[in-house]
Every structure is written in structure tokens, then in C-alpha cells.
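> from the sequence below, what's the structure:
(2 chains)
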Amino acid sequence: MLCKIAWRNLWRNRRRTQLTMGAMIFACATLVFSLGYYDGMLWNMINNATARENGHISLARPGYIDSPALGDTITEAATIKLIKAANIVHKGMCPRINAYALVSCGGGDDNRTQPAQVMGVDYQAESASSQLAADVYSGSFLSGRKGEILLGKGLARKIRATPGSEIVFFSSAADGSMASALFHVKGIFSSGDNLRDSGLAIVNIEELRLLMALEGQIHSIRIFLSNPMQAEEIAASLSGQPAKIEARTWQSHFPQLAGLLKIWFNVQLFTSAIYYAALALITFNTMYMAFLERIHEFAVMQAIGLTRVRLAGLILAESLMLASLSGLAGTIVGTLLNFSLYYYPIDLTRWIDNIAWGGTQLKAEIFCVPSITTVFLPMLTMVLLGILVAAFPSMRLYYLKPVEALRES
Amino acid sequence: MINERKIPQFQTGLLIFFIFLLVALPGYTLLPEHSEKALDAVSLIRAVETQYQGDNSHGVMRMTIKTSRWSRTLTMESWTEGREKFLTRILAPAKEKGICTLKVDNDIWNYLPGVDRLIKIPSSLMGESWMGSHLTNDDLVKENKIDELYKLEITNQASSTVEITGIPSADAAVVWGKLVYKIDIEKMVPLTIEFFDEDGEKVRLMTFSEVKMIENRWLPMLFRITPLDKPQEFTEVIYQSISFSFLPPAGTFSLKSMRNR
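Purely as a prediction, here's the structure:
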């Protein structure tokens, strides 16, 4: 009965209620979007940082990541079996081999030789999960054919190689023997990291494995997760396995980003507080004005026998209804917007350059990540707001003396 | 990033051979001359180098490299002419047979028979180790100029041995903070060379043994390099044959020669 009266009361002044609800819906939707956008920025930075080199989780022999050595390998089949047994939800995994070699281009006195890190990759896995293929700006990515090599932009410049150039590869294999091979440049890549691009070459993993006498072995496997926030939990479950494998998360590779993540929830709370402080003032103003307008009516209701508690409950119910409905509508609008921008981010690189920060890049795009926090935090706060703004009028109503109120009005 | 770089530079093997010649071989021939004079560290080393210049040599050596992960042995044939021309060719194992390294003046080339290509080694790579051995090219190249890069001083002298300490000159770009040679002055062969880092810590030891008389010279036929932080590892070179009466045919130290061998 109380709720029914509260509902009818809300729509007695339709325009005011509509305006108030409109402001609240807009504020709530904006907050849901903002929180999703902040999460999107964080995901963007994490994914940009991890997409090329590390993935979200790196599995390797203990100690390899900090102090890599050619002989510190893990067995590929056993590692994949371990990952499958752990039932990890992931976007993909990329086995890698790393070696150092001399790469040489040109003949006679015009020969140019440089030392390079040569990374062996599974071209199909990389195309599906990592950003390596997207970095190729001249020529094309590996196709699995024999003798293909990709050169970093700086390295290609140093040895004056272009797509199609012949490259001599010369290295020392894991068994100490000397490895030499001929490659042809398939493409040239630029990751934006000049240091990396000036000393990195990429070849098909099987070919490098054969050259470096690492049959059946890999140095690491990089796991790309659907949700990078689950990296630590999954890594802990993998590290606990009896196999001699160390699982390292993106947080250990990028402590700056991990530090940002630690304060992220507080940032979200702070953002919500700012939004709702403004919203609380608007709603309180509306509710209080409505209260003052109806004070005569309240006095009459009290005079004919409605208890103070029920009267206060009526105001609270009106406020809660207004806030909850607005919160629900705003959350739906904001969440729909977030989902849309999660699947279809808006690319702004035409107008704004990407921003380098903390070893990664902040991509110029509008990308949102819907999450439980971004959905429920604004809704919950809106309900609390409803209670808060009703508190003062309810209190005044509780102590209202009908005779004085009727006399004043 | 992998920091255990094992970029092969075959010139190192030849340079090991070279340093052996530089430090050890010519010494014996100097013995009559120097035995009549007071021993002086700088002139001794310089004389060794001077004596070496113009020498030709041809030898076969076996190099064993032992690391914590693997152990392997290479057999190499080497030719030298003066200080500036070296050529070495791997004879065994079969997988690497025919790989050559040529150094003429400041240029170093590798020939890779597996792909029939030559690659030129830039000077920036002289600091790299060779096949995971315990010597770097940079060390060895610098060793050729010890009398120029280090201030040499006799720090100890016994009846048959002398200890010479080398401290880098102020403007010398060298890796080592100090070198200590122990030389048998009777046979004029080195016994040990100790390498110290910039903090004065001894980090590497080179020992010479199996001294034999070859063509009127005492020669240590074996030397071993041991990194002191990994005492179980070493690189050992044994000379199976060596000749100083070799006259290299014209064109021996050429790119074409590497391909034709």
C-alpha cells in the first residue's frame, strides 16, 4: 500500500520526476561507461605491453626469464599437457625459442653483419593470439615455409635488407656445434620499441629448433588470457605443478602496470564518489523541494491518523523508487554501451597518436570493459543515494507537528 | 633477453693460436740475446712481439671446450703470416668441416661451407665469445698489443721464473684490470697468465704445459683457460703439429682461398 502511494506520488508531478530521473539515469549511465572505459584503458595497456613479447603468463624453466640461456629449455609436449590439465581458459598460447646469431646481408666487400636475437615462433599461434603479425609493415608475416625470416626495422636498416633479401644466419647451437643457414626476408616489422626492433629477427620455430639442436624443446610458452586479471591466480595453479616450470605473470614483467592495478579499485571508488556527490545534491534538492511543497498534505495525513513512521517510510519509498529505477535504467544503458565498445571499440588513431607510458602504449581508442564492478557499483551506490537523500526529509517528517505545519501553510 | 651469448667467431681459435705464438714460441729464440741482459718486462714482451713478426707458421691443433652443459672437441688447421694474417679451417667434426676464418689486417671473415657464403665480422663483435669458449675475441686481440696497452713491470723474480704484472695504461680501452704473467726464463715460455677484473678480483687463469722442443724452440703444446667462477669449465688447446718453416703460397690469405680449401 505504502509503495503504491509512493509510486502515485512520484507521478503526481510528472515533469519534475522525469527531469530528476533523466539526470539520475544520465549520471548512472555515464558512471558505468566511465568505469568501463577506465578498465578498458587498463586492459589496453596490459594487452599492448604483453601482446608481442610476454603474453599474460610466461612458462619457462625456473630462472630462465631472469637469466635466459640457450640450454635452459622445457619440453614442449609436457608443457602443453600441463596447461591442458589445468583447464585454463585462454585465447591462445605461443611457444617460443630464443637464440643469438649473426645475421648477414650482402656479398663481397659490401657484406653487412650484425648480432641479433632470433626468435622462433609458431606462425599460426602468433597470428591468432599475439601482435607480432600486426607489426609487419613491409612484406608479410611468416607462412610456415622454409627459409623465411622477419627483421626488425632497425636491424633491417643496419644490414640494409629489404623483403626478398638473402640473409646468412650463423650461430652456436645448444650442443656447441655451429649452425648456419640461408634465409630470405619475408617481412620487416616495427613494434614501436626501437631497441627491440634494432636487434630482433623472427623465424619459424621448427627451423630454428633444428638449427639450434633443440628438438622437442622450447624456451618458453606464452599464454594469452581472455581476462588478464586472472593471470596471478592461473600462474599460481601452474607453478604448483610438480614439473620444473616457472609461471610468471604480466605483473612481474610490468610492475608499473601492476602497481596501477592495485590502486585501480580505489580510483573507481573515488570516481564514483565524485559523480554521486554531484548527483546527491541534485536529487536531494528535488526531494526536498517536493517535501516542502507537500508539507501541508503530510500534516493532514498525520492529523487523520497516519503514523510518523509510515509517513517517513513513504518518503523513503519514493526516494528509493526514484533512485533504484533511475539506477537500473542508467546501468542498463551504460552496460549496453560498454558491451558495444568492448566488441566494437572506436579507433581514434586517425586524430590522436598512441601514448607511450610505463613500457607500454595507451592506444588511442574508446574501448570499454564491462565487469561486475562497473555494473553493480553504480547501481548499489544509487540505492544508497536514494536512502541518503530521503533521510533528512524523513527525519523532518518524523518530528513534524501537524498543527504547526497546517498553521504555517 | 638471452645474456649467454654464444655467437661463434672462429677467428678466436686462430687468435688463441696466435697468442700462443706471440707469447710462447718466439721466446726461446730470444733466450741467448736476453740472457745476457738484465731482464726488462717491456723489452721482453716487445722483443717477443718483434720476434714473432715476419714468422710464418702452419699447425694443427685440437681444441676442447667443456661447459656445464656440453663438451666438444674441434680439430683445426691454421696458417699465419706475420701478425696480421691468419687463416684457420676446421677439419673435424664433419658437421663443421670446412668452416674457415680469415683475418687480414683489421678485417675478419668467416666462410660457411654449409651455405657457401662468406660473412664479414664487424669490429663491434670482437667482444663476443667464440662457441661458448672462455675467451673473447676482444681479449685476444688486445693481447697482441700488451706492450702498448699495459704498463709492464717485473714484480717477482726467482732463479728460473719471472713474474710480470701488466696494469692498463690510462688511455687504454681494455677489459682486464690487471694481468700477471709467470714466465720460465730458462725455456722462455709462459707458465701461467692470471686475469684480474677492474675490482682486482682474479677471474680467469691460463696455464701452459707439455713444453716440447720444436724447431729449436721450446713450445708449450697445451694451454688451458679456466674461468674461476666456473672452475669445472675450461677451454683447452693442444697442438698436434706445428711448423715455422712453412712458406704460405701466394693467395693463401684470401677470400677465394677459404672457398677453395
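> which residue, neighbours along the chain excluded, lies closest to A:Pro393?
The shortest distance from A:Pro393 to any non-neighbouring residue, by CB to CB, 6 or more residues apart in numbering or on different chains, is to A:Phe291 (4.0 Å). (Each C-beta comes from the backbone N, C-alpha and C, glycine too.)
> mind naming the longest strand for chain A?
The residue-count maximum for a strand in chain A (DSSP state E) belongs to strand A:90-105.
> picking that back up, around the residue nearest to A:Pro393, count how many other residues there are.
Residues contacting A:Phe291 under the criterion other CB atoms under 10 Å in any protein chain shown number 19.
> so it, which of the three states?
Assigned with DSSP: H, G, I helix; E, B strand; the rest coil, A:Phe291 falls in the helix class.
> got the contact list for it?
A:298, A:315, A:393, A:396-397 (CB atoms under 8 Å, 6 or more residues apart in numbering or on different chains).
> the helices in the chain, which residues?
Just so you know, I chose chain A. A:2-10, A:14-50, A:76-85, A:123-129, A:153-158, A:194-197, A:205-211, A:231-239, A:250-253, A:255-293, A:295-303, A:308-343, A:372-398, A:402-408 (DSSP state H).
> if you could check chain B rather than the one you did, that'd help
With helices called from DSSP H, chain B shows them at B:11-19, B:25-35, B:41-52, B:137-143, B:146-149, B:255-260.
> pick out the shakiest of these, pLDDT-wise.
Comparing mean pLDDT across these, the weakest is helix B:25-35, with a mean of 39.
> one step back: out of the helices of chain A, flag the one nearest A:Ile218.
helix A:76-85 (4.6 Å; CB to CB).
> the closest one relative to helix A:231-239, how many degrees between them?
Relative orientation of helix A:76-85 and helix A:231-239, computed by axes from the mean of the first three to the mean of the last three CA atoms, to 10 degrees: 120 degrees.
> gap between helix A:76-85 and the chain center?
27 Å (CA atoms, centre = their mean, to the nearest Å).
> roughly how far does the residue lying closest to A:Thr331 once chain neighbours are set aside sit from chain B?
For A:Thr331, ignoring the flanking residues on the chain, the nearest one in space by CB to CB, 6+ apart is A:Met379 at 4.9 Å. From A:Met379 over to chain B the distance is 47 Å, taken as CB to the nearest CB, to the nearest Å.
> so what's the residue most central in space within chain A up against?
Nearest to the geometric centre of chain A sits A:Trp43, at 1.8 Å (CA atoms, centre = their mean). Contacts for A:Trp43 (CB under 8 Å, 6+ apart) come out as A:228, A:367, A:369.
> quickly note the distance from A:Ile263 to B:Phe223.
A:Ile263 sits 60 Å away from B:Phe223, going by CB to CB, to the nearest Å.
> again with A:Ala247
From A:Ala247 over to B:Phe223 (counting by CB to CB), the distance is 45 Å.
> so where's chain A uncertain?
Within chain A, the segments meeting pLDDT under 70 span A:240-243, A:355-361, A:408-409.
> quick one: contacts for A:Asp122?
A:94-95, A:204-205.
> now with 10 Å, please.
A:76, A:92-97, A:128-129, A:142, A:144, A:204-206, A:218, A:221 (CB atoms under 10 Å, 6 or more residues apart in numbering or on different chains).
> same thing with A:Leu341?
A:33, A:36-37, A:40, A:365-370.
> what's near enough to touch the nearest residue to it once chain neighbours are set aside?
With CB to CB, 6+ apart as the criterion, A:Leu341 has its nearest non-adjacent residue at 4.0 Å, and that residue is A:Cys368. Neighbouring residues of A:Cys368 by CB under 10 Å, 6+ apart: A:32-41, A:43, A:334-335, A:337-343, A:345-346, A:374.
> which parts of stretch B:191-210 are buried?
Burial within stretch B:191-210, assessed by neighbour count using 16 or more other CB atoms under 10 Å in any protein chain shown, is assigned to B:191-196, B:204-208.
> er, stretch A:135-145 I mean
A:135-136, A:139, A:141-142.
> bridge partners for the closest residue to B:Leu179 other than its chain neighbours, pull those for me.
Distances taken as CB to CB, 6+ apart place B:Gly166 nearest to B:Leu179, at 4.0 Å, with adjacent residues excluded. Under the criterion DSSP bridges, B:Gly166 forms beta bridges with B:Leu152, B:Leu179.
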